[in-house]
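K.L.:
quick one, structure for this:
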Amino acid sequence: MRRPIAPAVVMAGCLALAGCGGSADGTDAAPDLSVRSAYMPQPVTESLAAGYLTVVNKSDSSDDLVSATSDIAEDVSVHETSGQTMKEAGPLKIPAGGRLVLESGGNHLMFEKLKHRPKEGETVSVKLRFTKTDPITVEMPVKSATYQPTSAKSSSTSSNSHH
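P.N.:
Take a look at the predicted model:
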């Protein structure tokens, strides 16, 4: 009677171990990414637009944003701003337990050869692609051309006059 139990115990042990796959440091597990604060200022030209967002990584494994696509543009690329110049960036790191911020004056998405110019109040769909994580589709609201999000970096002291 003991023989039938042994294969069941071995099988249960194998199933339990199979659920524990991956390395101890979590590098085999896909990062836990989410996107926040996405928006596109209403484009001021017929052919170009910019997009801003924050990718949050809640895992112990880093990832990289490698590309983006959208049905409103022939080309969407990740750009970096350095001084007064803008250039296409390579993959951008999303650190473990950290975030990647795409913002005005810094790294951002550049939508080129727009198929139509989105207006304030519309929503633009963008698919972000990563090295490890499955693609994430983001619904990006179109804001006014002069929209400025509130952030921790913003400070009202710069507009105060000192007497």
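K.L.:
measure the residue nearest to His116 when sequence neighbours are not counted to Gly121 for me?
P.N.:
Take His116 and drop its neighbours on the chain: the residue closest to it by Cβ to Cβ, 6 or more residues apart in numbering is Ile72, 6.3 Å away. Yep, even glycine has a C-beta here, placed from its N, CA and C like the rest. For Ile72, the distance to Gly121 (Cβ to Cβ, to the nearest Å) stands at 15 Å.
K.L.:
which one of those two has more residues nearby?
P.N.:
Neighbours were tallied for Ile72 and for Gly121 using other Cβ atoms under 10 Å; the higher tally belongs to Ile72 (21 against 10).
K.L.:
would you agree that one is in contact with Glu112?
P.N.:
No - using Cβ atoms under 8 Å, Ile72 is not in contact with Glu112, being 10.7 Å away.
K.L.:
downstream of the helix or strand of the chain with the lowest mean pLDDT, the next helix or strand is which one?
P.N.:
Least confident helix or strand of the chain, by mean pLDDT, DSSP states H and E, is helix 2-18 with a mean of 43. For helix 2-18, the succeeding helix or strand toward the C-terminus, using DSSP states H and E, is strand 33-41.
K.L.:
can you give me the mean pLDDT across that following strand?
P.N.:
For strand 33-41, the mean per-residue pLDDT is 97.
K.L.:
partners of that strand in the sheet?
P.N.:
Paired neighbours of strand 33-41 in the sheet (DSSP bridges): strand 48-57 (antiparallel), strand 136-143 (parallel).
K.L.:
how about the spatially most central residue of the chain, nearest residue that isn't a chain neighbour?
P.N.:
Centroid-nearest residue in the chain, with Cα atoms, centre = their mean: Val55, separated by 3.7 Å. Using Cβ to Cβ, 6+ apart and skipping residues adjacent in sequence, the residue nearest Val55 is Leu100, 4.4 Å away.
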